[in-house]
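**Student:** Build the 3D model from these lines:
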Amino acid sequence: MISSDYFIDLAIQHGYSICSGVPCSYLKPFINGIIDSARMHYVSAANEGDAIAIASGATIGGGKGIAVFQNSGLGNAVSPITSLCFTFKIPVLIIVTLRGEPGGAPDEPQHELMGQITTQMLDVMRVSWEYFPNNSEELALAMDKASKHMDETGLPYAFVMKKNTAEPRKILTKPIPRGRAPAPLRLRTSVIPPKRFEALTVIQKFTNDDIVLASTGVCGRELFALDDRLNQLYMVGSMGCISSLGLGLAIQRPDNRIVVIDGDGACLMRLGALTTIGYEQPNNLIHILLDNNLHESTGGQSTVAHSVDFSAIATASSYPKVNQINDLEQLSNTLQNLTKELTFIDMSISAGLPENLPRPNVTPHEVSIRLKKFMEEN
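**Tutor:** Just a heads-up that it's a prediction; the model follows:
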């Protein structure tokens, strides 16, 4: 069996700084050890896909991220594994447990099918994997192999963990409840909300030195069309993961301000991410939601955002500063007067796209490489 202390020592030797995950009894000792450790940062994700995105953010930021979860949640991680890690070439170490192991110990009925297909799913997603070793010498070799593979390919590597691999360990650290700020009052105006293109123009005016992450679809395309900058990343696929990517990056790069530009449809898809961000409270993360109540990137179908109060959700999730705004002047004033604290900006926008909107002519991998270079030089 492997002790959590030994695993943490080995992970740190290989450069890992952040671990994000969703608990499983097989992983309990490792998660407990990392939470208690002052040498690695554990982020409790709302779901397995968020864990992949958070670990990816840490990796983009120059660290290395680990994502851990039960195999029953592997399906939740398919989108960011295949369209974030694969597309942008972001190597993260994945530890997925093997509940319902064929021929193994009896388990709950819901694990039967997933136990049979876990390794097949990794194969289909082209994720190289091996079983998690159960002795220290073999684990050291396996970690070397995983690092070599990720360095050479830029792709994730997975360890599949069987029962009784990790040595039992109790947790000592107690969670710290976060205080909640009073709910904000919307500053309503009589003008029609601006279009996304106009809001992005204002955002670019105040983010020359920041790291700017744009959500999936036309948000990234419009940002690119306005001014393609080295400090910008345009998400493709991985819908709903941009805020979790920003969280991992903000934790890894505390000296950089991270500006996440989200959309209402994407935010709704992984709404639980707000609770994780609110708990972590990175003071260098600005989360901007551009809300037009539409899936405008995919045909203009309505979202349910028209009946959702995102600011109330952010407040309830313990974001310390929440702004509700409706026009460009309010947006400009808010961005000019940002303080060093986690901030949520709920911005109403109108529907409508520019004509002949181009797609980025730089590949996602090129975007991630140049963003890393920008952070190294600034």
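**Student:** so where do the strands sit in the stretch 201-350 of the chain?
**Tutor:** 211-214, 232-234, 258-263, 285-291, 294-295, 301-302, 321-325, 343-348 (DSSP state E, counting those that start in this stretch).
**Student:** which stretches of the stretch 51-200 of the chain form helices?
**Tutor:** 78-80, 86-88, 112-124, 136-153, 196-205 (DSSP state H, counting those that start in this stretch).
**Student:** the helices in the stretch 251-378 of the chain, which residues?
**Tutor:** Under DSSP H, counting those that start in this stretch, the stretch 251-378 of the chain gives helices at 264-269, 273-280, 310-316, 328-336, 364-377.
**Student:** which residues of the chain score low on pLDDT?
**Tutor:** Low-confidence segments of the chain, defined by pLDDT under 70: 182-190.
**Student:** still on that earlier bit, what would the helices of the stretch 251-378 of the chain look like in CSV with distance to Val160 and mean neighbour count?
**Tutor:** (C-beta placed from N, C-alpha, C; glycine too.) Formatted as CSV, the helices of the stretch 251-378 of the chain follow (distance: least, Cβ to Cβ, whole Å; neighbours: other Cβ atoms under 10 Å):
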stretch, distance to Val160, mean neighbour count
helix 264-269, 27, 24
helix 273-280, 25, 22
helix 310-316, 36, 20
helix 328-336, 46, 17
helix 364-377, 27, 16
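**Student:** Out of these, which is closest to Val127?
**Tutor:** Of all the helices of the stretch 251-378 of the chain, it is helix 364-377 that lies closest to Val127, at 17.3 Å by Cβ to Cβ.
**Student:** Can I get that closest one in CSV, CA atoms only?
**Tutor:** Taking Å, rounded to 0.1, in the frame of the first residue of the first chain, the C-alpha atoms of helix 364-377 are listed here in CSV:
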residue,chain,number,x,y,z
PRO,A,364,-5.8,26.3,-29.6
HIS,A,365,-2.4,24.8,-29.0
GLU,A,366,-0.7,27.9,-30.3
VAL,A,367,-2.9,30.1,-28.1
SER,A,368,-1.9,28.1,-25.0
ILE,A,369,1.8,28.2,-25.9
ARG,A,370,1.8,32.0,-26.4
LEU,A,371,-0.2,32.6,-23.3
LYS,A,372,2.3,30.7,-21.2
LYS,A,373,5.1,32.7,-22.8
PHE,A,374,3.2,36.0,-22.0
MET,A,375,2.9,35.0,-18.3
GLU,A,376,6.6,34.1,-18.2
GLU,A,377,7.6,37.5,-19.6
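**Student:** same for that helix, what does it pack against?
**Tutor:** helix 48-60, helix 86-88, strand 211-214, strand 232-234 (3 or more Cβ pairs under 8 Å, 6 or more residues apart in numbering; DSSP states H and E).
**Student:** residues contacting the most centrally placed residue in the chain?
**Tutor:** Nearest residue to the geometric centre of the chain (Cα atoms, centre = their mean): Ser244, 2.4 Å. Residues in contact with Ser244, defined by Cβ atoms under 8 Å, 6 or more residues apart in numbering, are Ala45, Gly49, Asp50, Ala53, Ile54, Gly57, Arg270, Ala273, Thr276, Ile277.
**Student:** Go again with 10 Å.
**Tutor:** Residues counted as contacts of Ser244 (Cβ atoms under 10 Å, 6 or more residues apart in numbering) are 20, 43, 45-47, 49-57, 80, 84, 238, 260, 270, 272-274, 276-277.
**Student:** Next: Leu289.
**Tutor:** 215, 243, 260-264, 266-267, 274, 305, 310-311, 314, 324, 344-349.
**Student:** can you check Pro282 too?
**Tutor:** If you count contacts by Cβ under 10 Å, 6+ apart, Pro282 has them with Gly246, Leu247, Gly248, Leu249, Ala250, Ile251, Gln252, Arg253, Pro254, Ile258, Glu341, Leu342.
**Student:** what does Ser20 give?
**Tutor:** 34, 41-45, 48, 50-58, 65-69, 92, 244, 247-248, 251, 276.
**Student:** before we move on, back to that, could you dump the helices of the stretch 51-200 of the chain to CSV with mean neighbour count?
**Tutor:** As requested, those are exported to CSV (neighbours: other Cβ atoms under 10 Å):
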stretch, mean neighbour count
helix 78-80, 22
helix 86-88, 21
helix 112-124, 16
helix 136-153, 15
helix 196-205, 20
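**Student:** Let me have those in CSV, extended by distance to Phe7.
**Tutor:** Listed next are the helices of the stretch 51-200 of the chain as CSV, based on distance: least, Cβ to Cβ, whole Å:
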stretch, distance to Phe7
helix 78-80, 23
helix 86-88, 26
helix 112-124, 20
helix 136-153, 7
helix 196-205, 41
